[in-house]
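Engineer: need a structure here:
(chains A and B)
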Amino acid sequence: MKLFKKTKKEETKGTKALNELIRVLGKEKVLSAIEDRICYSYDSTKQKALPDIVIRPDDTSDISNTLKIANKYEIPVYARGAGTGLSGGAVPLMGGIVFDLKSMNKIIEICPEDFVATVEPGVVTKDLQDEVAKHGLLYPPDPSSAAFSTIGGNVAECAGGITGLKYGVTRDYVLALEIVLPDGSVINTGRKTLRSVTGYDLTRLFIGSEGTLGIFTKITVKLIPDPERIDTLAAFFSDRDDAIDAADLIIDNNILPRTLEFMDQMSINAVRGYGEVTIDEDVKALLLIDIDGTEESIRHELSVVENACKEKKALRTKVAETSKERDALWAVRRIISPALYNVATHKINEDICVPRSKIKEMLQKVDQINEHHTVYIANFGHIGDGNIHVNIMYKDDPGQEELAESIVNKIMEEVIASGGTISGEHGIGNKKSQFLELEISPQVFAIMKRFKNFFDPKGIMNPGKMFVT
Amino acid sequence: MGEDWKTEVSKCSKCGKCHTVCPVFLETGDEAMVSRGRISLAEALRDQQIVYTNKLRDYVYSCKKCMRCRKDCPSGVDYEIIISALLRGVAENMGIPLLPKIIFRYILPRRILFDTMLKVSSKIQRFIPMKKRGQMRHLPLLFMGKRWIPTLAKKTALQKFRNTKKLKNPRMRVGLFTGCLINYIYVDIAEAVVDVLNKMNIEVVVPQGQLCCGTPSSSMGDVKSSRKLAEVNRKVFESQGLDAIVSACATCTKTIKMDYLRTLGPSWKPISDKIYDISEFIYKYCGEEYETKPIEEKVTYHDPCHLLWVRGISDEPRNVLKKSSNFVEMDMAGSCCGGGGIFTIIHYDLTLKMLERKVASIERSGADTVATNCPGCVMQIADGFAGKNSKIKTTHSIQILQRALANGNINREK
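Structural biologist: Down below sits the predicted model:
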C-alpha cells in the first residue's frame, strides 16, 4: 500500500490523511520530506522500506489522534524506537506512517519506596538504568544495545540480554502499560504493584507483540536493589566444548552468575583488535562472566567459577581489576553483532534458544550443516540461558544467499527437534515469520491470528510482521 | 577525489551505536542528524533516489565532524570519507555561497590581503559598543544579540614572531603552525608556545608565508581551495629543515597531520610524522623533566574533538596541566562545546544547547579556569561565560604551563 505511488484513489487517500494529520498535530510533528522518510526506513537488519509519513508525537493524545486518522483511511502504522531491532520490527514494509517514539523520552517517575518506575517508550534503556541507579536500584534487562535501544522497543520485542540467567528478561519486569489501540482508544493494563492477578494478563500479551496490536505510551517497570558490586571474569579456552562444559559446571555448583556469555572462534576473530583487549591466537572460545553481590559473596562465587573453568581446561582466566578493564572486556562482547560485518557483507542473524543441556549437541549440528564451510557461522551469546546467536555470514557472490537461507532452514529444523525455540529475544518480525509455524501448532497459530484480528480488525498495525499472511 | 564513499556507505550495519556518541543527536534525537541517518542519505544519493536540496544541505551541515562516531564504529565505517563526500556534493551541486567563496578562493591564499582586511576590521571594531572582558559582539550576529567573540589583535602572530630568538645549543628546532585564530586573535597563545619551548631549550621559528590550514574551505566542500592552501603550506614548511612542527590548534593539527596525507599524497608522510599538538610534543620530548611551580587556580580541561576523537590524545594535556596547576576533572570533558564552522551559523540553536551543556559541566567541576588545546574551543567556551558574566576564565593549556614556568608572573589577560 504505497500511498503516493499507486492508484489515484490511494493517492488522494494519502494526501487527505497527510493534510488531516498536519491540521490536528501541527506541521512540526508531521514529516513527509523524502530526506526524513529515508532516515526512518531501516533498522539493524539493514532492510529498507520507505514510509510516507513520519510522526514525532509529544504525548499519548498525538498517537491517539494519528491512529484515528490512520484507522479511518486504513493506512499502515509502525512504531519505531531507536531502530535497532534485529528482526525487522520497525521497518515500514508496506509504507504508511512511522512513529518516531524517540521524541517521547521522559522518565515520568521513579518510586524508590515502591521499587517501580514509569517511563515513556522513547527512553533509552541505559538512561533508565543510570537514573534508577542513583536511587540504588537496578532495572536488570540489559540487551547488548542497551546504550542506544529504547524501552519501548525492548518491550515490543521482549528483549533479553546478558543478565537473563539470573534476573530474567524484559517481560519479567513490566508491570503495567498504557496502550493506544488501533482505533485511537487508550487502555491501561496491569497495575503499578509488584503483583496483580486481576483478570487476564493482557500486559503479557502486549509484551513482545512487536507493534502488531497497539502502541505503548507509558511503561511501568519493576526495579530491584542494585547489587553492591560486580566483578568480571574472562575465561579463555582452546576448545569450544570445554567452554560449554565449564558453563555447565558453574551452574551445577548452584551458582547463577549475573551474566554467563559465550563466544566461539569466529566471533573472537571478528572483534580481535577492537578496543583495548588483546586475545591470544590460541584462544578458540571464551566465557565472559559477571558475578554480583557483596564483596564476601563475590569472593566465594568467583573462586567456584575460577575452579570450574580450570577443571574444564581453561587456558587461563582473568579477573578485571578496574572498572576500565571491565568496560573494555564488555565492549568486546557488546560489539560482536555489528563487527561481524567485517567478516562478510551479509548476515542472517538467528537467536535460537535450546534447553541448556542441548547446547553442545546443537552447535555440533550447526557444524555438520555447514561442514563444507560454504558460509561463515559465528556463534555467541547467552549460554546460561541456552540462547545462542547463530550468525550466518555470506559474501555478495551469486548463490550465496540461497545457500545461507537453506542452512538457516536446516538449523531451524534442528532447533525445533531439540525442543528449542526459533527466537529467544530478537522477535519474529518479517525475518523469522516464515518459521513461526514450524514451532507453533496450527491451532495456536489460529488463536494468535484471532487475537490480532480482535485488536486490529483493519490490519493497520505493523503489517507484514509476525505472520506471513 | 575518488568515489570510495560509495562503497564505504555499504559498510554501515545500521546498528545505531553512533546514537550514543553523537553530540548533535544527543540534543535533537533526530535520525537525520546522526551518522547512521546521514549515511542512509548518502546511500540514497548514490542510488539516485534523492538529489541535493536545502533540507539535505542542512542535514549535512548538522554534522560537527568531531569524528567521535568513527572512533567507536563497530563496523569500521570511515565516516570522514562519507561526510567529506556529502560536503563536496553540496558544494558542487548547490554552489558555495558567494562570500565564503571569495574568502576561500581569493583572500585566504593571499596573506597580505587577508592581513589588510582584518587590520581595517580591527580599526573598525574600536567603535563597536559593548565589549566585555576583551570580547565583543559577533558582527553578523549582532542583531541576534547573543554571541560574543574576541577582538582582533593589533599585530598578528606571524608579524610579532617574524624573528624569533636563536638559541645557542638548542635541543631541537621546531616550527610553529599558527592557524588563523591564533594568528589574528589569540596571539598570546603563540607567545606562550614560543616562551615555553624556549624555556625548554627548544628553538622555535614561525615560518613566514604559511597560510590557513584549509579546514574552513574543506568543511564547506571547497576541495580546490583547500588543496591550494595545502600546497603553499607544504612549500613553506618543507624548506625549513625542522625537527618538528607544532600547533596549538587541535583542528589545524588534525588537518595538516592527517588530511594533508590525502590532499598532498604520501610524499607528505615524512613531514606529517613530525607534526604534533603542543601538549603532545611537550609530553613526548620534555616528559617530566621540567620544573614548574603550579599555579593555585583550580583548572579543568576540555577535550577538543579533533584531538580526542581523531587523535586519541587525552593524557598528554592533562599531564601538562597536572604539573602546572591544581587540576580537577570535569564530567563529560570529551563532549563537544558546539563551536566551529558553518554549523554554528546554520544550527545556531544547537550550538547554544551544546555550549550550555559544556558550561554546566565546567561549573560543576568547581574550576576557576577551563583550559583546552584549541583556540576554536577557547572562543566558543569564552563566549558561553561572557554571556553569563561568569568569573570562570577560558584559556589554552599552554598558557597555564607558561604561567607555572614563570611562577605565575605573566598576566594572561590582554
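Engineer: Domain parsing of the chain, as residue ranges.
Structural biologist: All of this refers to chain A. Structural domains annotated on chain A: A:8-103, A:107-225, A:229-337, A:343-439, as defined by automatic domain parsing.
Engineer: That was the other one, I meant chain B.
Structural biologist: Domains of chain B are assigned by automatic domain parsing as B:4-94, B:298-405.
Engineer: Indicate which one of those domains is closest to chain A.
Structural biologist: Closest approach to chain A among the domains of chain B is made by domain B:4-94 (3.9 Å; Cβ to the nearest Cβ). Quick note: C-beta positions are derived from backbone N, CA and C, even for glycine.
Engineer: Tabulate the domains of chain B in TSV, adding columns for mean neighbour count, mean pLDDT and distance to residue A:264.
Structural biologist: Converted to TSV, the domains of chain B look like this (neighbours: other Cβ atoms under 10 Å in any protein chain shown; pLDDT from 0 to 100; distance: least, Cβ to Cβ, whole Å):
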stretch	mean neighbour count	mean pLDDT	distance to residue A:264
domain B:4-94	21	94	18
domain B:298-405	21	93	31
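Engineer: Those into a markdown table, with extra columns for distance to residue A:266?
Structural biologist: Below are those laid out as a markdown table (distance: least, Cβ to Cβ, whole Å):
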| stretch | distance to residue A:266 |
| --- | --- |
| domain B:4-94 | 16 |
| domain B:298-405 | 29 |
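Engineer: Tell me which of the ones you listed sits nearest to residue B:195.
Structural biologist: domain B:298-405 (5.4 Å; Cβ to Cβ).
Engineer: End to end on that closest one, go ahead and measure it.
Structural biologist: End-to-end distance of domain B:298-405: 17 Å, with Cα to Cα, to the nearest Å as the criterion.
Engineer: try stretch A:387-405
Structural biologist: 20 Å.
Engineer: quick revisit: could you export the domains of chain A as a markdown table, including distance to chain B, mean pLDDT and mean neighbour count?
Structural biologist: Below are those laid out as a markdown table (distance: least, Cβ to the nearest Cβ, whole Å; pLDDT from 0 to 100; neighbours: other Cβ atoms under 10 Å in any protein chain shown):
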| stretch | distance to chain B | mean pLDDT | mean neighbour count |
| --- | --- | --- | --- |
| domain A:8-103 | 4 | 95 | 21 |
| domain A:107-225 | 4 | 97 | 21 |
| domain A:229-337 | 4 | 93 | 19 |
| domain A:343-439 | 7 | 93 | 19 |
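Engineer: ranges for the strands of the stretch 51-200 of chain A?
Structural biologist: With strands called from DSSP state E, counting those that start in this stretch, the stretch 51-200 of chain A shows them at A:53-55, A:77-80, A:97-100, A:107-111, A:116-119, A:137-138, A:174-180, A:186-190.
Engineer: Report the rounded mean pLDDT for the helix or strand where residue B:99 lies.
Structural biologist: For residue B:99, the host element (DSSP states H and E) is helix B:98-102. Helix B:98-102 carries an average pLDDT of 71.
Engineer: just stretch B:192-206 next, same as before
Structural biologist: Average pLDDT, stretch B:192-206: 95.
Engineer: and what of stretch B:263-270?
Structural biologist: Mean pLDDT, stretch B:263-270: 94.
Engineer: buried residues in it?
Structural biologist: Using 16 or more other Cβ atoms under 10 Å in any protein chain shown as the test for burial, stretch B:263-270 gives B:263-264, B:268.
Engineer: Can you flag which of these belong to strands?
Structural biologist: Judged by DSSP state E, strands contain none of those.
Engineer: Can you tell me which of those lies closest to chain A?
Structural biologist: When the buried residues of stretch B:263-270 are ranked by distance to chain A (Cβ to the nearest Cβ), residue B:268 comes first, at 26.6 Å.
Engineer: where does the closest residue to the closest one other than its chain neighbours land in three-state SS?
Structural biologist: Nearest residue to residue B:268, sequence neighbours excluded (Cβ to Cβ, 6 or more residues apart in numbering or on different chains): residue B:260, at 5.0 Å. Using DSSP: H, G, I helix; E, B strand; the rest coil, the structure places residue B:260 in helix.
Engineer: what do you get for residue A:236?
Structural biologist: strand.
Engineer: Contacts only, for it.
Structural biologist: A:279-280, A:283, A:285-286, A:314-318 (Cβ atoms under 8 Å, 6 or more residues apart in numbering or on different chains).
Engineer: run the last query once more with 10 Å
Structural biologist: A:243, A:268, A:279-280, A:282-287, A:309, A:314-318 (Cβ atoms under 10 Å, 6 or more residues apart in numbering or on different chains).
Engineer: hey, what's it bridged with?
Structural biologist: residue A:286, residue A:316 (DSSP bridges).
Engineer: then stretch B:10-30 to PDB, C-alphas only?
Structural biologist: These are the backbone C-alpha positions of stretch B:10-30, laid out as PDB (Å, rounded to 0.1, in the frame of the first residue of the first chain):
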ATOM      1  CA  SER B  10      27.600  -0.100   2.500                       C
ATOM      2  CA  LYS B  11      29.700  -1.000   5.400                       C
ATOM      3  CA  CYS B  12      27.300   0.600   7.800                       C
ATOM      4  CA  SER B  13      25.400  -2.100   9.700                       C
ATOM      5  CA  LYS B  14      22.700   0.400  10.900                       C
ATOM      6  CA  CYS B  15      23.300  -0.800  14.400                       C
ATOM      7  CA  GLY B  16      22.700   2.700  15.900                       C
ATOM      8  CA  LYS B  17      25.700   2.800  18.100                       C
ATOM      9  CA  CYS B  18      26.500   6.300  16.800                       C
ATOM     10  CA  HIS B  19      23.400   7.500  18.700                       C
ATOM     11  CA  THR B  20      25.400   7.100  21.900                       C
ATOM     12  CA  VAL B  21      28.300   9.300  21.000                       C
ATOM     13  CA  CYS B  22      27.000  11.900  18.500                       C
ATOM     14  CA  PRO B  23      26.800  15.300  20.300                       C
ATOM     15  CA  VAL B  24      24.200  16.600  17.900                       C
ATOM     16  CA  PHE B  25      21.900  13.600  18.200                       C
ATOM     17  CA  LEU B  26      22.200  14.000  22.000                       C
ATOM     18  CA  GLU B  27      20.400  17.400  21.600                       C
ATOM     19  CA  THR B  28      18.000  16.600  18.800                       C
ATOM     20  CA  GLY B  29      17.200  12.800  18.800                       C
ATOM     21  CA  ASP B  30      16.700  13.400  15.100                       C
END
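Engineer: Off-centre distance for that stretch?
Structural biologist: Centroid separation between stretch B:10-30 and its chain, computed with Cα atoms, centre = their mean, to the nearest Å, is 23 Å.
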